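Trainee: Sequence below, structure please.
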Amino acid sequence: MQHSANRAKGLSENGQTRRHRVAAVQMASGPHVEANLQEAERLIGEAAAAGAELVVLPENFAIMGYQDTDKLKYAEPDGDGPIQAFLAEQARRHRIVLVGGTIPLQGEGPERVRPTAPVYGPDGGRLACYDKIHLFDVEVAPGEAYRESNTQQPGATPLVVDTPVGRLGVAVCYDLRFPELFRELADQGAEIVAVPSAFTAVTGEAHWSILVRARAIENLFYMVAPNQGGYHVNGRETHGESMVVDPWGRVMKSLERGAGVITVEVSLSRLHEIRERFPALLHRKL
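Mentor: Just a heads-up that it's a prediction; the model follows:
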């Protein structure tokens, strides 16, 4: 009973304030998996050296091919493959919770992959996986269209998982535009939500910061939102501006462009204090 009361106040079992250092990794990934993994290894190491206990990689961190179909060549069986082995080893080596951006897992057929964000614990074991629910099938500007459903298979199940840094929810990129998903994560007790992303330059400039902050404000949780940020070999440009946002909607730290890491300390006790003082989640009518 005391444990439940402590969690509601954001305290550990011994009553101490629960503070954790979290990191968002920004990349400009290309078509060569080995090179991307080397860059991710460097940046994860930088985050861990800064004391991060939770590290979140961006969407498509391991492969942004010349064509959308390139990822099919690198699709791995669920639970086995070099990208998954890399993530497990990084989590174990640095004793961190690691959200592996998204990786291509084999789908139901050979023509589509599952865009999966796996979560690894400090022992290197996989805690959970989230398959991106909302696929990006849009035209963002004349001549710039995306059809993720041509090569990707959507998920259907929201994810919140217990980790050493708190109750962690996961969403991916285009999911940000669907507030009902984030309300479901809040209903499942999420305290921190990781949102690996690869927002385009066009949509990122218009909507990225607004959406990340809005989801934090609406649901009174922390948002750790790493983005792809720069020019890619395939001609695509991504927005960058990776950020960590607190439950009051304040941008705690951000990184505009290029590869890099941001780390900040989050306080789960402060999160629950805000929820007690401003209980909007309890005032819902619909």
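Trainee: Show me where this protein dips below the pLDDT cut-off.
Mentor: Residue ranges of the chain with pLDDT under 70: 1-17.
Trainee: at 50 instead, please
Mentor: 1-6, 8, 12-16 (pLDDT under 50).
Trainee: Downstream of the top helix by length along it, the next helix or strand is which one?
Mentor: Looking across the chain with DSSP state H, the single longest helix is helix 33-49. Later in the chain than helix 33-49, the nearest helix or strand by DSSP states H and E is strand 54-56.
Trainee: helices or strands up against that following strand?
Mentor: strand 19-26, helix 33-49, strand 97-99, strand 192-194 (3 or more CB pairs under 8 Å, 6 or more residues apart in numbering; DSSP states H and E). Using the backbone N, CA and C atoms, a C-beta is placed for each residue, glycine as well.
Trainee: got a list of contacts for it?
Mentor: With contacts defined as CB atoms under 8 Å, 6 or more residues apart in numbering, strand 54-56 is touched by 20-25, 44, 47-48, 94, 96-99, 101, 163, 165, 168, 192, 194-196, 224, 226.
Trainee: let's see it at 6 Å
Mentor: 22-24, 44, 47, 96-99, 165, 194, 224, 226 (CB atoms under 6 Å, 6 or more residues apart in numbering).
Trainee: partners of it, with directions?
Mentor: In the sheet, strand 54-56 lines up against strand 19-26 (parallel), strand 97-99 (parallel) (DSSP bridges).
Trainee: any idea which of those strands is most buried?
Mentor: strand 97-99 (a mean of 29; mean count of other CB atoms under 10 Å).
Trainee: so after it, what's the next helix or strand?
Mentor: strand 103-106.
Trainee: now for that following strand, which elements pack on it?
Mentor: Applying 3 or more CB pairs under 6 Å, 6 or more residues apart in numbering; DSSP states H and E, one finds that strand 103-106 contacts strand 113-120.
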